[in-house]
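**Q** coords please:
(one chain, ligands or ions: 1)
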Amino acid sequence: MSDTLIGNGTVVTLNADNQLIEQGAVLVRDGRIAAIGLDSMLRQQYPEVDYTNAGGGLIMPGFLCTHTHFYSAFARGMAIPGEPPRNFLEILERLWWRLDKLLTLEDIRASAEVYMADAIRHGTTCIVDHHASPNAVDGSLDVIADAVEQAGIRACLAYEVSDRDGPAIIRAGMRENERFIRALRTERKQQAEAGLLAASYGLHASFTLSPATLEQCAAAGASLGVGFHIHVAEDSLDENDSMAHYGMRVADRLAENNILGTRSIAAHCVHVNSGEIGRLAETQTSSVHNPRSNMNNAVGRAPVEKMLDGGMHVGLGNDGFSMNMLQEMKAAYLLHKFALSDPQAMPADLVMKMAFSDNAHIIQQVFSPFCAGFPAVGTLQVGAAADIVLLDYVPPTPMNGANFPWHLIFGIDGHHVNSTMVAGRWLMRNRQLLALDEARIHARARELSYALWKRM
Ligand SMILES: [Zn+2]
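**A** Here you go, the predicted model:
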């Protein structure tokens, strides 16, 4: 990994002042940003360093995604047998819980590779995944970790423990989380300490977790020094189940069972009430908003602004949709205005805060148990990770730090990304993937997904 000076572009720092540097440059050294400023000055200061020309476009931090499912790649274009699902539970039962049971380790590898190529192509440099494959549990996280390592991006992995497939698979899920988390401190220590790989303890959702399972997982997660990654109140059925069986709402149940905390991720939180937002905020639990998924499953609108006002960090995930996080940002921007009939709802700067600074906060929390000096992500400043994307976007109207979020929503999209760097290493240059063979990945995935559709 050699030093490089990336210049001749507008540097989008996304620092505290949201500063843009026109005709700016960024010096990359040892996987981090070593200097940032005017192109002319840095070229004078570092004449010996290799120069990368950004071609007058944008030089910005890589996009982040804090909730996804790599295993879902084979669902694209798949016909669901039988009547179309009428509600969220039927979507799970007819689609996801049938698909995940059929996955083999080879399918899991191919699915993850599809996501890796998609991520690099769209400039997504750090991803938090949540995995399920009830009939191929043992070693599944290693298979994904190998795909992540080969791709060169950063990822945090978890296996979702659930009671839905019986005691043997509950135990297998717990074993897989534990084994993989320990591996990050032994065989995979180098990757983990480099801030490239991390793990959370995965749990499916309150309505598929018995009191005994929750208790055992809480104890295991605490002893391993990690947080939990769990779906919370994605649909009203999760709240109804918790009220009917335990006489309390989901976030309260999770708080009582020691699942919440600074390193824990409560994905979705579509149906949480103000009491639960208080619980989540006081335990410093983060949520992750997934607008495309919420609209697609017709589960409702998450009270994102109430969570943010309540002091929570709310990141942005894609829940298995494409790794083009600009699409997710646009969906977030539109969804709340439409649902609330309020054009002032969810302004672009709030969407940008979720996608960058709140996502970065969540990533910092899940990576830091494995990497003591985990660098800042989601920003370009001295000392931050050299996770950088180049976009060939030339604004047709004035662009500055204050209006940049609106350029992101209305003008910039994934197709503008031409180069992607993670930890100082180029993974794509001028739209050519350097570490992955995309044609081979897609051919293999087509073959395996066709076979899986037939089994289904
Ligand atoms: Zn999910």
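**Q** gap between the nearest residue to Met307 once chain neighbours are set aside and Asp163?
**A** Closest residue to Met307 apart from its sequence neighbours, by CB to CB, 6 or more residues apart in numbering: Val314 at 5.1 Å. Every residue, glycine included, has its C-beta placed from N, CA and C. Distance of Val314 to Asp163, given as CB to CB, to the nearest Å: 28 Å.
**Q** repeat for Phe338
**A** To Asp163, Phe338 is 36 Å away according to CB to CB.
**Q** the more surrounded of those two?
**A** Ranked by neighbour count (other CB atoms under 10 Å), Phe338 and Asp163 place Asp163 first, with 17 against 13.
**Q** surely the more buried one is within a strand?
**A** No: counting by DSSP: H, G, I helix; E, B strand; the rest coil, Asp163 is located in no strand; its state is coil.
**Q** residue contacts, it?
**A** 170, 208-210, 213 (CB atoms under 8 Å, 6 or more residues apart in numbering).
**Q** let me know the pLDDT of it.
**A** Asp163 carries a pLDDT value of 97.
**Q** how about it, nearest residue that isn't a chain neighbour?
**A** For Asp163, ignoring the flanking residues on the chain, the nearest one in space by CB to CB, 6+ apart is Ser210 at 4.9 Å.
**Q** residue ranges with poor pLDDT in the stretch 1-150 of the chain?
**A** Residue ranges of the stretch 1-150 of the chain with pLDDT under 70: 1.
**Q** again, only this time at 80
**A** When residues are selected by pLDDT under 80, those of the stretch 1-150 of the chain lie in 1-2, 81.
**Q** and the helices in it?
**A** Secondary structure of the stretch 1-150 of the chain by DSSP state H, counting those that start in this stretch: the helices cover 39-45, 88-91, 97-102, 105-121, 140-151.
**Q** deepest of the ones you listed, which one?
**A** Comparing these by mean neighbour count (mean count of other CB atoms under 10 Å), helix 105-121 ranks first with a mean of 24.
**Q** for the stretch 1-150 of the chain, which segments count as strands?
**A** 4-12, 20-29, 32-38, 50-53, 58-61, 63-68, 124-129 (DSSP state E, counting those that start in this stretch).
**Q** redo these as TSV? Include mean neighbour count.
**A** Shown next, in TSV, are those (neighbours: other CB atoms under 10 Å):
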stretch	mean neighbour count
strand 4-12	23
strand 20-29	21
strand 32-38	19
strand 50-53	15
strand 58-61	27
strand 63-68	29
strand 124-129	28
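**Q** nearest to Arg279, out of these?
**A** strand 63-68 (19.7 Å; CB to CB).
**Q** report all helices and strands that that closest one contacts.
**A** Here strand 63-68 touches strand 124-129, strand 265-268, strand 286-289, strand 314-316, helix 325-340, helix 359-367, going by 3 or more CB pairs under 8 Å, 6 or more residues apart in numbering; DSSP states H and E.
**Q** out of these, which is the most enclosed?
**A** Mean neighbour count, computed with mean count of other CB under 10 Å, is highest for strand 286-289 among those, reaching a mean of 31.
**Q** pairing partners for that strand, with directions?
**A** Applying DSSP bridges to the sheet, strand 286-289 is found paired with strand 265-268 (parallel), strand 314-316 (parallel).
**Q** distance of the residue nearest to Met307 from Asp413?
**A** In terms of CB to CB, Val314 sits 23 Å off from Asp413.
**Q** could you do Ser322 as well?
**A** The gap separating Ser322 from Asp413 is 11 Å, by CB to CB.
**Q** grab the CA positions of stretch 331-348 and hand them over as PDB.
**A** Output in PDB follows, covering the C-alpha atoms of stretch 331-348 (Å, rounded to 0.1, in the frame of the first residue of the first chain):
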ATOM      1  CA  ALA A 331     -36.000   7.000   0.000                       C
ATOM      2  CA  ALA A 332     -35.500   8.300   3.600                       C
ATOM      3  CA  TYR A 333     -35.900  11.900   2.300                       C
ATOM      4  CA  LEU A 334     -39.200  11.100   0.500                       C
ATOM      5  CA  LEU A 335     -40.800   8.600   2.800                       C
ATOM      6  CA  HIS A 336     -41.400  10.900   5.800                       C
ATOM      7  CA  LYS A 337     -42.600  13.800   3.800                       C
ATOM      8  CA  PHE A 338     -45.100  11.600   2.000                       C
ATOM      9  CA  ALA A 339     -46.300   9.700   5.100                       C
ATOM     10  CA  LEU A 340     -46.700  12.900   7.200                       C
ATOM     11  CA  SER A 341     -48.000  15.100   4.400                       C
ATOM     12  CA  ASP A 342     -45.300  17.500   5.600                       C
ATOM     13  CA  PRO A 343     -42.700  19.000   3.200                       C
ATOM     14  CA  GLN A 344     -40.600  20.000   6.100                       C
ATOM     15  CA  ALA A 345     -40.200  16.500   7.400                       C
ATOM     16  CA  MET A 346     -36.800  14.800   7.100                       C
ATOM     17  CA  PRO A 347     -34.700  17.500   5.500                       C
ATOM     18  CA  ALA A 348     -31.600  16.400   3.500                       C
END
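**Q** quick check: mean pLDDT of it?
**A** 98.
**Q** what's next to it, contact-wise?
**A** Counting by CB under 8 Å, 6+ apart, 289, 291-292, 294-295, 301, 304-305, 316, 351, 354, 405-406, 408-409 sit against stretch 331-348.
**Q** coming back round to it: reformat the strands paired with strand 286-289 as TSV; add distance to Ala136 and mean pLDDT.
**A** Formatted as TSV, these follow (distance: least, CB to CB, whole Å; pLDDT from 0 to 100):
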stretch	distance to Ala136	mean pLDDT
strand 265-268	23	98
strand 314-316	29	98
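**Q** contact partners of stretch 108-119?
**A** Contacts for stretch 108-119 (CB under 8 Å, 6+ apart): 65, 68, 70-74, 103, 124-125, 127, 131, 133, 136, 140, 143-144, 146-148, 150-151, 153, 322-324, 433, 436, 438, 441-442, 444-445, 448-449.
**Q** so where do the strands sit in the stretch 151-300 of the chain?
**A** With DSSP E, counting those that start in this stretch, the ranges of strands along the stretch 151-300 of the chain come out as 154-157, 197-199, 201-205, 228-232, 265-268, 286-289.
**Q** pipe these into CSV and attach distance to Ile6 per row.
**A** What follows is these, written out as CSV (distance: least, CB to CB, whole Å):
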stretch, distance to Ile6
strand 154-157, 19
strand 197-199, 25
strand 201-205, 36
strand 228-232, 33
strand 265-268, 32
strand 286-289, 30
